[in-house]
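Asks: Whatever this is, show me its structure:
(one chain, ligands or ions: 4)
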Amino acid sequence: QAKAAGRNALRFFDPQMQTAVNARMALEGDLRQALQLGEFCLHYQPQVGDGGRITGAEALLRWRHPQRGMVAPAAFIPLAEESGLILALGRWVLETACAQLLAWAAKPATARLSLAVNVSARQMRHPGFVDEVLATLARSGANPARLKLELTESLLVDDVEVTIAKMTALKASGLGFSLDDFGTGYSSLSYLKRLPLEQLKIDQSFVADVLTDPNDAAIVRTIVALGQSLGLSVMAEGVETQAQREFLFHHGCRAYQGYLFSRPLSAEQFDAFIAAR
Ligand code: C2E
Ligand code: MG
Ligand code: MG
Ligand code: MG
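Replies: Residues are numbered from 1 along each chain as shown. Ligands and ions are numbered 1, 2, ... in the order given. Sure thing, here's the model as predicted:
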């Protein structure tokens, strides 16, 4: 017993583990500060519809770290979720996205574009979420019908009735919902038909090998058919090649996002991208 406790105590002071804990705490502090210092920005990846028309964009969060350069969300979103900082960060994302929508609304070339914003389950679970989104939209003057929220299946582990009520309230104001990374989570089909969704996004992991892996091809075909029968649009993410796009088109998928069309762009680059078309 004493020996075991001793081992645990020793493990607690394991310098490697202490280093990991310190790194986490440092990152969390950095994140908090980054929000105050204005080190975050949004990049915009074009979303493409039938015939190659640009229908909108997805807003993707970036951290312009003074030392580490551009940091991808995978490196900090999980920690922001665990620490609760995602609530403040999510508010900033939404405000910035609404301001962008308003800027787009002022120019004919971008006035009809929609903007998709990623929302984590933790944000959706927050009791004030619906009011906050509606207040942010109202303050910004952006058209709610141009805003799309991307949710993931992880939100289905929460109280589904509450989730449905929140989505319904937002939808009543004109917002649309897309289910992101579809096929990787634990969606139950009975919940799926009850959620007031507009779109399913096929996870990029299925798209990546759709031409070489018969299982991925079958999953993609199944998701497209499921979307069609539920009356939802289906968007493929991670489309990198013309051959993938052709496969998707052949099987009824009419909306795409991926490096084939464009990488995520800064706001200025995005405007130039639209102007060049
Ligand atoms: P996601 O929402 O599924 O976004 C798609 C990711 O795929 C983005 O990665 C995008 O840059 C990347 N991508 C797009 N096209 C291609 C392609 O053709 N090939 C490949 N290999 N990748 C492609 P990113 O920007 O690193 O974002 C990763 C994830 O971080 C997002 O996945 C989303 O879950 C999360 N995220 C990003 N911004 C936010 C945010 O503002 N709030 C929250 N809660 N999560 C965010
Ligand atoms: Mg997304
Ligand atoms: Mg996704
Ligand atoms: Mg993802």
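Asks: Look up phi and psi at the residue of the stretch 151-277 of the chain found nearest ligand 2.
Replies: Shortest the stretch 151-277 of the chain-to-ligand 2 distance, computed as C-beta to the ion: residue-wise this is residue 180, at 4.2 Å. From N, CA and C alone the C-beta is placed, and that goes for glycine too. Note on residue 180: backbone dihedrals following degrees, to the nearest 10 are phi -80, psi 160.
Asks: isn't it right up against residue 151?
Replies: Yes - using C-beta atoms under 8 Å, residue 180 is in contact with residue 151, at 6.5 Å.
Asks: count of residues packed around residue 77?
Replies: When neighbours are counted by other C-beta atoms under 10 Å, residue 77 registers 18.
Asks: From residue 196, how far off is it?
Replies: The gap separating residue 77 from residue 196 is 25 Å, by C-beta to C-beta, to the nearest Å.
Asks: How about residue 218?
Replies: Distance from residue 218 to residue 196, by C-beta to C-beta: 28 Å.
Asks: Who has more neighbours out of these two?
Replies: Comparing residue 218 with residue 196 by other C-beta under 10 Å, the one with more neighbours is residue 196, at 15 against 12.
Asks: Just to be sure, that one is in a helix?
Replies: No - Residue 196: not assigned to a helix; according to DSSP: H, G, I helix; E, B strand; the rest coil it is coil.
Asks: From what I see, it and residue 177 are in contact.
Replies: Yes - counting by C-beta under 8 Å, residue 196 does reach residue 177; the two are 6.5 Å apart.
Asks: which residues do those two both contact?
Replies: Residues touching both residue 196 and residue 177 by C-beta atoms under 8 Å, 6 or more residues apart in numbering: 167, 171.
Asks: How about residue 243, nearest residue that isn't a chain neighbour?
Replies: residue 211 (5.8 Å; C-beta to C-beta, 6 or more residues apart in numbering).
Asks: Pull up the gap between the one you found and ligand 3, please.
Replies: Separation of residue 211 from ligand 3 (C-beta to the ion, to the nearest Å): 20 Å.
Asks: List phi and psi for that residue.
Replies: For residue 211, the backbone dihedrals (degrees, to the nearest 10) come out as phi -90, psi -20.
Asks: From what I see, it and residue 244 are in contact.
Replies: Yes - Residue 211 lies in contact with residue 244 (C-beta under 8 Å); the separation is 6.4 Å.
Asks: higher neighbour count, those two?
Replies: Neighbour totals were compared for residue 211 and residue 244, and residue 244 leads with 21 against 14 (other C-beta under 10 Å).
Asks: tell me the mean pLDDT for stretch 139-151?
Replies: Mean pLDDT, stretch 139-151: 98.
Asks: Let's see it as CSV, backbone CA atoms only.
Replies: In CSV, the C-alpha atoms belonging to stretch 139-151 read as follows (Å, rounded to 0.1, in the frame of the first residue of the first chain):
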residue,chain,number,x,y,z
ARG,A,139,-26.6,44.3,-33.2
SER,A,140,-24.6,43.5,-36.3
GLY,A,141,-27.4,44.2,-38.8
ALA,A,142,-26.5,41.0,-40.7
ASN,A,143,-29.3,39.0,-42.3
PRO,A,144,-30.0,35.9,-40.2
ALA,A,145,-31.0,34.0,-43.3
ARG,A,146,-27.3,34.2,-44.5
LEU,A,147,-26.0,32.6,-41.4
LYS,A,148,-25.5,28.8,-41.1
LEU,A,149,-24.5,27.1,-38.0
GLU,A,150,-22.4,23.9,-38.3
LEU,A,151,-23.1,21.5,-35.5
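Asks: Can you give the distance of it from its chain's centre?
Replies: Relative to its chain's centre, stretch 139-151 lies at 14 Å (C-alpha atoms, centre = their mean, to the nearest Å).
Asks: what do you get for stretch 135-149?
Replies: Taking mean C-alpha positions (C-alpha atoms, centre = their mean), stretch 135-149 and its chain are 17 Å apart.
Asks: for it, how far is the first residue from the last?
Replies: End-to-end distance for stretch 135-149: 15 Å, by C-alpha to C-alpha, to the nearest Å.
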